[in-house]
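*Asks:* coordinates only, sequence not included:
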Ligand SMILES: Cc1cc2nc3c(=O)[nH]c(=O)nc-3n(C[C@H](O)[C@H](O)[C@H](O)COP(=O)(O)OP(=O)(O)OC[C@H]3O[C@@H](n4cnc5c(N)ncnc54)[C@H](O)[C@@H]3O)c2cc1C
């Protein structure tokens, strides 16, 4: 029967990278994937240029039931370590915004690099192989696959989360985790557009495509100053994707439409300076014009009314709405479009140094299947690299 030192299940970002690093230690490694092509999420990421890391990576940029869990791995494998690997392979990058690094070459170049790292050190990638069963006995792991059984001393589960089933996402990691006695934190779509109720859809039907710079927040979690986008189905844009990860299914989201400014002082000043100006015209100085025409109706005001006609009470109310506009989404677009999966294999029974199971020695969980979820902006790939590196040192 075939025997390898380390068998990596899943040839995505974490699995390929982990396999390459294990192979470099001189161990025999086989990476299995059921898909026709490896690492499809790298290929489609960042608009084809893969936002492969973020220079501002810090533990606070990750969601987990245990916010301390990711610290050790992230500290030991940093964004600069991955940049150094890219440079060794002649790849270059640029910073777009907020520390987000994108590849100058196409995303496929990163996949090629990871495969070269694996195969150049004697590791093997085997595609279109279904994994049927994972067992452990006195001789180590016995994994049944569509290409026959394989024995392994270590098994590294890197099959990712549930987002985008169309390109091969499965809940396989959660099934294996449960089989070996691990708890799984209920997976939920994250970094995902939100949908409107029908009533909202009608109200906003003319505003589809409007992007508004906002500070967005869910009831829990940090706020994000970035654009929100009104779509024909609901809300999207970076700020909305960010807060979607903190949304738990019923609460309203809050948007500050004048981040960093006092709406009250601005409105009072406007009334005094240009009393004859129409309200919507003045609002268009801080909001997109189409939205500025709509927004007064949120405060039951006529967009064409003159600023002079605003009472103090109306100014207070409008200012409050501008600083904390609340919208209750109907739901999310779900797994079909979610960029990542929040929740996953609970961290309490994993070693934060090595990602090894405390229930079953030799079994590791890395990447997105673990209950560690990054913000938008390269953090999820950084977690894939860092957790893979942590496991590869010992697997
Ligand atoms: C559209 C999109 C864009 C993204 N853009 C970015 C970005 O720019 N920056 C960023 O940081 N993150 C981005 N992400 C998130 C990022 O892609 C993931 O967090 C990352 O790929 C997770 O790596 P992973 O190896 O854990 O899982 P994956 O990369 O999903 O790899 C899992 C692998 O396991 C295989 N697999 C699954 N189930 C089985 C099974 N039962 N048997 C065998 N094989 C199986 C899959 O085929 C896949 O190859 C994006 C995600 C999406 C969907």
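*Replies:* That came through, no problem. Values in this document were obtained by computation on a predicted structure and should not be read as measured data.

*Asks:* which strands and helices sit next to the host helix or strand of residue 226?
*Replies:* Assessed by DSSP states H and E, residue 226 sits inside strand 224-230. Contacting strand 224-230 under the criterion 3 or more Cβ pairs under 8 Å, 6 or more residues apart in numbering; DSSP states H and E are the following elements: strand 211-217, strand 234-236, helix 238-244. All C-beta spots, glycine's among them, are computed from the backbone N, C-alpha and C.

*Asks:* at 6 Å instead, please
*Replies:* strand 211-217, helix 238-244 (3 or more Cβ pairs under 6 Å, 6 or more residues apart in numbering; DSSP states H and E).

*Asks:* partner strands of it and their direction?
*Replies:* With DSSP bridges as the test, strand 224-230 is paired with strand 211-217 (antiparallel), strand 234-236 (antiparallel).

*Asks:* winner for burial among those strands?
*Replies:* Most buried of those by mean neighbour count (mean count of other Cβ atoms under 10 Å) is strand 234-236; its value is a mean of 23.

*Asks:* which of the helices and strands packed on strand 224-230 sits closest to the ligand?
*Replies:* The closest of the helices and strands packed on strand 224-230 to the ligand is helix 238-244. By Cβ to the nearest ligand atom, the value is 10.5 Å.

*Asks:* residue 167: neighbouring residues, count only.
*Replies:* Neighbourhood size, residue 167 [other Cβ atoms under 10 Å]: 13.

*Asks:* surely it meets residue 40?
*Replies:* Yes - Residue 167 sits in contact with residue 40 when judged by Cβ atoms under 6 Å, with a separation of 4.6 Å.

*Asks:* by contact count, what packs against the lengthiest strand in the chain?
*Replies:* Identified as the longest strand of the chain according to DSSP state E is strand 148-157. Here strand 148-157 touches strand 2-9, strand 140-145, strand 363-365, going by 3+ Cβ pairs under 6 Å, 6+ apart.

*Asks:* could you redo the last one with a cut-off of 8 Å?
*Replies:* Looks like strand 148-157 contacts strand 2-9, helix 13-24, strand 140-145, helix 172-179, strand 363-365 (3+ Cβ pairs under 8 Å, 6+ apart).

*Asks:* need those in JSON lines (columns: distance to residue 338, mean pLDDT and mean neighbour count).
*Replies:* Formatted as JSON lines, the helices and strands packed on strand 148-157 follow (distance: least, Cβ to Cβ, whole Å; pLDDT from 0 to 100; neighbours: other Cβ atoms under 10 Å):
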{"stretch": "strand 2-9", "distance to residue 338": "22", "mean pLDDT": "98", "mean neighbour count": "23"}
{"stretch": "helix 13-24", "distance to residue 338": "16", "mean pLDDT": "98", "mean neighbour count": "28"}
{"stretch": "strand 140-145", "distance to residue 338": "28", "mean pLDDT": "98", "mean neighbour count": "18"}
{"stretch": "helix 172-179", "distance to residue 338": "16", "mean pLDDT": "98", "mean neighbour count": "20"}
{"stretch": "strand 363-365", "distance to residue 338": "20", "mean pLDDT": "99", "mean neighbour count": "28"}
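
*Asks:* out of the ones you listed, nearest to residue 82?
*Replies:* helix 13-24 (8.7 Å; Cβ to Cβ).

*Asks:* next helix or strand past the closest one?
*Replies:* Toward the C-terminus from helix 13-24 - assigned by DSSP H and E - lies strand 29-32.

*Asks:* can you check the distance spanned by stretch 121-129, start to finish?
*Replies:* Start-to-end span of stretch 121-129 (Cα to Cα, to the nearest Å) is 22 Å.

*Asks:* contacting residues around that stretch?
*Replies:* 11, 16, 19-20, 22-24, 28-38, 115, 118-119, 145-147 (Cβ atoms under 8 Å, 6 or more residues apart in numbering).

*Asks:* buried ones among these?
*Replies:* 11, 16, 19-20, 22-24, 28-35, 38, 115, 118, 145 (16 or more other Cβ atoms under 10 Å).

*Asks:* before we move on, back to that, could you dump the strands paired with strand 224-230 to TSV with distance to the ligand and mean pLDDT?
*Replies:* Formatted as TSV, the strands paired with strand 224-230 follow (distance: least, Cβ to the nearest ligand atom, whole Å; pLDDT from 0 to 100):
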stretch	distance to the ligand	mean pLDDT
strand 211-217	19	98
strand 234-236	13	96
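
*Asks:* ok, now which ones touch the residue in the stretch 101-250 of the chain that the ligand sits nearest to?
*Replies:* Residue of the stretch 101-250 of the chain nearest the ligand, by Cβ to the nearest ligand atom: residue 160 (2.8 Å). Counting by Cβ under 8 Å, 6+ apart, residue 160 touches 10, 12, 14, 41, 169, 173, 341, 367, 368, 369.

*Asks:* for residue 13, give its distance to the ligand.
*Replies:* To the ligand, residue 13 is 4 Å away according to Cβ to the nearest ligand atom, to the nearest Å.

*Asks:* how far is the helix or strand bottoming out on mean pLDDT in the chain from where the chain is centred?
*Replies:* Lowest mean confidence among the helices and strands of the chain (mean pLDDT, DSSP states H and E): helix 198-203, at a mean of 84. Centroid separation for helix 198-203 versus its chain: 28 Å, with Cα atoms, centre = their mean, to the nearest Å.

*Asks:* on that earlier part again, tell me the strands beside the longest strand of the chain, with direction?
*Replies:* Assessed with DSSP bridges, strand 148-157 is paired to strand 2-9 (parallel), strand 140-145 (antiparallel), strand 363-365 (parallel).

*Asks:* residues of the stretch 1-150 of the chain that sit close to the ligand?
*Replies:* 10-15, 33-35, 38-39, 41, 44-46, 50-51, 131 (Cβ under 6 Å from any ligand atom).

*Asks:* noted, bye for now.
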